[in-house]
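> How does the following fold in three dimensions:
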Amino acid sequence: MKHIHFIAIGGSVMHQLAICLQLQGYLVTGSDDDIFEPAYSNLKKYNLLPSQMGWHTQNIHAKLDAVIVGMHAKADNPELIAAQQLQLKLYSFPSFIYEACQDKLRIAVAGSHGKTTTTGMLMHILKTAKLNFDYMVGAKISSFEFSVSLQKDTLILVCEADEYPDSVLTKQPKFHLLFPNLAIITGIAWDHINVFPTYQNYTDQFKIFLQKMPENGTVYYYENDPELVTIIQSQQNLPLHFIPYHCLPFEIENEQTFVKYNNQNIPLQIFGNHNLSNFQAAIKVAEHLEVAPEYIAEALATFTPAHKRLEKMEVPNGKIVYRDFAHAPSKVEASMKALRQQYPQKNILAVLELHTFSSLTADFLPQYKHCLDSADIGIVYFSQHALELKRLPLLSATAIHAGFQNNKLLVIDNVNKLSEAIQELSAKADIIVLMSSGAFDNLNLQNLIK
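Numbers count the residues shown, from 1 in each chain. This is a model prediction of the structure:
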């Protein structure tokens with residue numbers, strides 16, 4: 001039995017990989033200095049929760065077959081240093097995925113936005129078509145128990161391909177380590193300025209991603225994104241097949257979105273141009289894999305949003321409330337346009353938490369220009385604690401108003417005041433959307449909305 005140890009096992013996908021490997025018959029151990037939900041409960045369920053928190057060199061020994069290092073681990077991590085001294089096999093998450101799937105057809109979904117949703121859509125189509133495949137996706141997809149699956153008898157890998165660095169091992173963008181045979185690129189919008197300090201540096205990573213693909217690979221790209229088209233045009237000399245896609249044709253009737261496919265008028269459980277573009281990309285790949293149209297039609301009708309991707313919350317008072325992972329400017333803009341398009345006559349209260357390093361950086365705020373203009377009431381929230389953790393200077397309401405170019409926004413930096421504002425202003429709204437990659441300082445939003 002192979003023994004694999006995870007350094008920083010509590011990561012959102014790391015802990016899922018650990019569970020996956022244990023279910024495949026590996027002996028799995030792990031360590032971390034802090035583990036949050038849902039990883040804590042998931043690891044506990046499968047008896048993978050470390051017996052004690054922290055880093056312990058006794059976890060590292062010569063009998064380990066491999067060590068997988070998470071993003072959370074620093075270069076001075078004592079377990080990592082011990083593993084290096086023993087010259088053990090070291091992997092980051094994406095490098096291990098490639099190692100396990102190098103003989104399979106690797107499908108990677110890249111882009112600055114929509115990766116999780118597009119990956120989930122393709123997974124849902126293939127599952128509907130009863131195909132057996134491996135996958136890795138960054139959030140919970142409702143029709144799948146896990147977000148990572150690796151099996152020995154599969155021929156296809158569907159993988160969300162993130163541009164963020166893999167780990168301290170190489171600090172390469174994760175998607176540089178996947179070498180996909182087939183790729184989707186959903187769009188380009190500058191993000192992660194703490195890692196990619198210039199727009200050029202950021203876009204170069206996508207060029208490298210394409211250059212690392214094997215010969216005769218196929219790339220589906222969103223043709224209505226001018227920045228992405230510019231990148232594709234610059235790489236036309238590569239031995240790849242570049243195929244554009246666009247938004248699925250749709251119509252909205254009585255706040256319900258329909259698409260025409262396979263001679264059917266299909267009602268969807270999602271909405272918005274960005275989601276219909278993402279579905280078109282997933283369909284293109286499914287057709288490439290020769291999935292029958294009837295399965296694609298069924299999948300269109302039954303796909304529900306990934307966790308916190310314009311996900312409707314259950315509330316008892318007749319309000320329509322969405323949780324959304326939107327945090328980068330392009331994501332916020334896409335979600336707000338989708339809501340206004342779906343609900344043209346409704347009053348929308350939009351609450352956005354600035355939580356990431358990029359969003360809390362004053363020089364980055366102009367990227368949010370007019371992102372919240374389609375909301376009837378807009379709140380921008382940030383916590384002073386988040387600024388302290390990221391060692392960033394204080395933000396002012398003036399800087400936020402100037403960056404968003406919207407002086408009507410209510411700017412709040414205290415969680416109690418945020419709670420009071422939502423309670424007061426929700427009475428004036430038909431639709432409430434709560435957008436963040438964080439948790440609004442652990443504000444109990446479900447109880448608050450009730």
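> can you give me the helices for the stretch 301-450 of the chain?
Along the stretch 301-450 of the chain, the stretches classed as helices by DSSP state H, counting those that start in this stretch are 329-342, 384-389, 397-404, 415-425, 445-449.
> Can you say which of these is packed in most?
A comparison of the helices of the stretch 301-450 of the chain by mean neighbour count, using mean count of other C-beta atoms under 10 Å, puts helix 329-342 on top with a mean of 22. All C-beta atoms are positioned from the backbone trio N, CA, C, and that covers glycine.
> Tabulate the CA atom coordinates of that helix in CSV.
This file holds the C-alpha atoms of helix 329-342, laid out as CSV (Å, rounded to 0.1, in the frame of the first residue of the first chain):
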residue,chain,number,x,y,z
PRO,A,329,-14.2,43.2,-11.3
SER,A,330,-15.1,41.1,-14.3
LYS,A,331,-17.1,38.6,-12.1
VAL,A,332,-19.0,41.4,-10.3
GLU,A,333,-19.9,43.0,-13.6
ALA,A,334,-21.1,39.8,-15.2
SER,A,335,-23.2,38.9,-12.1
MET,A,336,-24.8,42.3,-11.9
LYS,A,337,-25.6,42.4,-15.7
ALA,A,338,-27.1,38.9,-15.4
LEU,A,339,-29.4,39.9,-12.5
ARG,A,340,-30.5,43.1,-14.2
GLN,A,341,-31.2,41.2,-17.4
GLN,A,342,-33.2,38.5,-15.6
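> which strands and helices sit next to that helix?
helix 273-288, strand 320-324, strand 348-353, strand 431-435 (3 or more C-beta pairs under 8 Å, 6 or more residues apart in numbering; DSSP states H and E).
> Any chance of a markdown table for the helices of the stretch 301-450 of the chain, columns mean pLDDT and distance to residue 241?
As requested, the helices of the stretch 301-450 of the chain are exported to a markdown table (pLDDT from 0 to 100; distance: least, C-beta to C-beta, whole Å):
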| stretch | mean pLDDT | distance to residue 241 |
| --- | --- | --- |
| helix 329-342 | 92 | 26 |
| helix 384-389 | 84 | 44 |
| helix 397-404 | 94 | 40 |
| helix 415-425 | 91 | 49 |
| helix 445-449 | 70 | 45 |
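> Quick one: the ones you listed as TSV, columns for distance to residue 266 too.
TSV is the format used below for the helices of the stretch 301-450 of the chain (distance: least, C-beta to C-beta, whole Å):
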stretch	distance to residue 266
helix 329-342	16
helix 384-389	42
helix 397-404	36
helix 415-425	35
helix 445-449	31
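> To residue 12, which of the ones you listed lies closest?
When the helices of the stretch 301-450 of the chain are ranked by distance to residue 12, counting by C-beta to C-beta, first place goes to helix 329-342 at 17.6 Å.
> Residues in contact with that closest one: which ones?
Contact with helix 329-342 is made by 112-114, 187, 189, 252, 255, 257, 271-275, 310, 322, 324-326, 348, 350, 352, 367-375, 431, 433, 435, as judged by C-beta atoms under 8 Å, 6 or more residues apart in numbering.
> mind listing what's buried in the helix or strand that contains residue 98?
If you go by DSSP states H and E, residue 98 is part of helix 93-101. Across helix 93-101, burial judged by 16 or more other C-beta atoms under 10 Å covers 93, 94, 95, 96, 97, 98, 100, 101.
> Highest mean neighbour count out of the helices and strands packed on helix 329-342?
strand 348-353 (a mean of 25).
> now the angle from that one to strand 320-324?
Interaxial angle of strand 348-353 relative to strand 320-324 (axes from the mean of the first three to the mean of the last three C-alpha atoms, to 10 degrees): 30 degrees.
> Can I get strand 348-353 in PDB? Just the C-alpha atoms.
What follows is strand 348-353, C-alpha atoms only, in PDB (Å, rounded to 0.1, in the frame of the first residue of the first chain):
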ATOM      1  CA  ILE A 348     -31.700  45.000  -6.500                       C
ATOM      2  CA  LEU A 349     -29.700  45.400  -3.400                       C
ATOM      3  CA  ALA A 350     -26.100  44.400  -4.100                       C
ATOM      4  CA  VAL A 351     -23.600  43.800  -1.200                       C
ATOM      5  CA  LEU A 352     -20.000  43.400  -2.300                       C
ATOM      6  CA  GLU A 353     -17.200  42.500   0.100                       C
END
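> Distance from it to the middle of the chain?
Strand 348-353 sits 20 Å away from the centroid of its parent chain (C-alpha atoms, centre = their mean, to the nearest Å).
> For that strand, which strands pair with it and how are they oriented?
Strand 348-353 sits in its sheet next to strand 377-381 (parallel), strand 431-435 (parallel), going by DSSP bridges.
> related to what we said a few turns ago, could the helices and strands packed on helix 329-342 go into CSV alongside mean pLDDT and distance to residue 107?
As requested, the helices and strands packed on helix 329-342 are exported to CSV (pLDDT from 0 to 100; distance: least, C-beta to C-beta, whole Å):
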stretch, mean pLDDT, distance to residue 107
helix 273-288, 96, 6
strand 320-324, 90, 26
strand 348-353, 95, 32
strand 431-435, 92, 29
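> Of all those, which one comes closest to residue 401?
When the helices and strands packed on helix 329-342 are compared (using C-beta to C-beta), the closest one is strand 348-353, at 13.3 Å.
> Excluding sequence neighbours, find me the nearest residue to residue 242.
Beyond its immediate neighbours in the sequence, the residue positioned closest to residue 242 (C-beta to C-beta, 6 or more residues apart in numbering) is residue 219, lying 5.1 Å away.
> Check residue 437 too.
Using C-beta to C-beta, 6+ apart, the nearest residue to residue 437 is residue 327, at 4.1 Å.
> you'd agree that neighbour is up against residue 355?
Yes. Using C-beta atoms under 8 Å, residue 327 is in contact with residue 355, at 6.1 Å.
> Overlap of the contact sets of those two?
Joint contacts of residue 327 and residue 355 (C-beta under 8 Å, 6+ apart) are 436, 437, 438.
> And those residues, which is closest to residue 279?
Taking C-beta to C-beta as the measure, residue 279 lies nearest residue 437 of those, at 22.8 Å.
> show me the contacts for that closest one.
325, 327, 355, 356.
> what about the third one, neighbour count?
The reference is to residue 355. A count of nearby residues for residue 355, using other C-beta atoms under 10 Å, gives 21.
> separation between it and residue 228?
Taking C-beta to C-beta, to the nearest Å as the measure, residue 355 falls 26 Å from residue 228.
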